[in-house]
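Visitor: let me see the structure of the following:
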Amino acid sequence: MRDPRLAPVLAILVLVSATEAVAAEKPKPRVVLVEADGPEEELSAFVARFESELSDAGRLTFSDARLSGATLGALVAEPEGEAGRAFRAEWPGETWLAVSLSPCRVEVSQVRYTDTTPEGYRFERVVQNVRVDCPTSLRLVDAATGKEGKPLAVTGTANYRRTEGEEEESSELEGTRDAAKKAAKKLASLLKK
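Guide: Model (predicted):
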């Protein structure tokens, strides 16, 4: 049997060890998106998925500073200048990021065949196979030194089948979202090293 007087001591020991474990946990690297270039609709889909993927993985902290007015070129040119110091104070982070979305390449092949409605009317049906490739590049800069690292390049893809005339969202959006997922995964593994 345990001595009832030891229960408070054991509880305190458990709390102390849990607090030490949290304190020993390494802080997550913070990535700050400084600028992004590409078609507005695709860029919006990319940033939303990119942020979601980074958040879900829980390995990085992400901040979107695109509305700050800063450009990556100006920050890299003078990282210790007044603009660089002001930007770091407002948007703290270890890595500055610029995203560039290239136009997506869409390939569509189609098959036509005759079909019959339940009422017996014949009509022509067109089925399209769509493949989308969306190249994306990320420029990474060390916020402390202004040194630019090797750019990350990813290509998002989407493959699906649709019937001609169906109203759907842009095929480029799905490819762009896939690029964001791949970019988030690559970035998280690169910055975790």
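Visitor: just checking, what's the longest strand in the protein?
Guide: Longest strand in the chain by number of residues (criterion: DSSP state E): strand 122-142.
Visitor: chain center to that one, what's the gap?
Guide: A distance of 17 Å separates the C-alpha centroid of strand 122-142 from that of its chain, computed with C-alpha atoms, centre = their mean, to the nearest Å.
Visitor: would you mind pulling up the elements that it packs against?
Guide: helix 72-77, strand 95-101, strand 105-116, strand 152-163, helix 171-192 (3 or more C-beta pairs under 8 Å, 6 or more residues apart in numbering; DSSP states H and E). (Glycine included, C-beta is placed from N, CA and C.)
Visitor: closest one to Leu43 among these?
Guide: strand 95-101 (5.9 Å; C-beta to C-beta).
Visitor: neighbouring contacts of stretch 186-193?
Guide: 29, 31, 54, 57, 59-60, 94-95, 97, 138, 140, 152, 154 (C-beta atoms under 8 Å, 6 or more residues apart in numbering).
Visitor: redo these as TSV? Include neighbour count.
Guide: Output for the contacts of stretch 186-193, formatted as TSV (neighbours: other C-beta atoms under 10 Å):
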residue	neighbour count
Pro29	16
Val31	25
Leu54	21
Ala57	14
Arg59	16
Leu60	20
Glu94	16
Thr95	20
Leu97	25
Leu138	23
Leu140	20
Leu152	17
Val154	19
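Visitor: need the max-distance pair from the residues you listed.
Guide: The span of the contacts of stretch 186-193, defined through C-beta to C-beta, is set by Glu94 and Val154 at 20.9 Å.
Visitor: which element is the closest residue in space to Val76 that isn't next to it in sequence on?
Guide: Excluding its sequence neighbours, the residue lying closest to Val76 (C-beta to C-beta, 6 or more residues apart in numbering) is Gly146, at 5.0 Å. Gly146 is located outside every helix and strand, with elements delineated by DSSP states H and E.
Visitor: so where is this structure shaky, pLDDT-wise?
Guide: For the chain, the stretches flagged by pLDDT under 70 are 1-25, 167-168, 193.
Visitor: and if we set it to 80?
Guide: Where the chain drops to pLDDT under 80, the residues are 1-27, 164-170, 192-193.
Visitor: closest to the centroid, which residue in it?
Guide: What sits nearest the mean C-alpha location of the chain, by C-alpha atoms, centre = their mean, is Phe50, with 1.6 Å.
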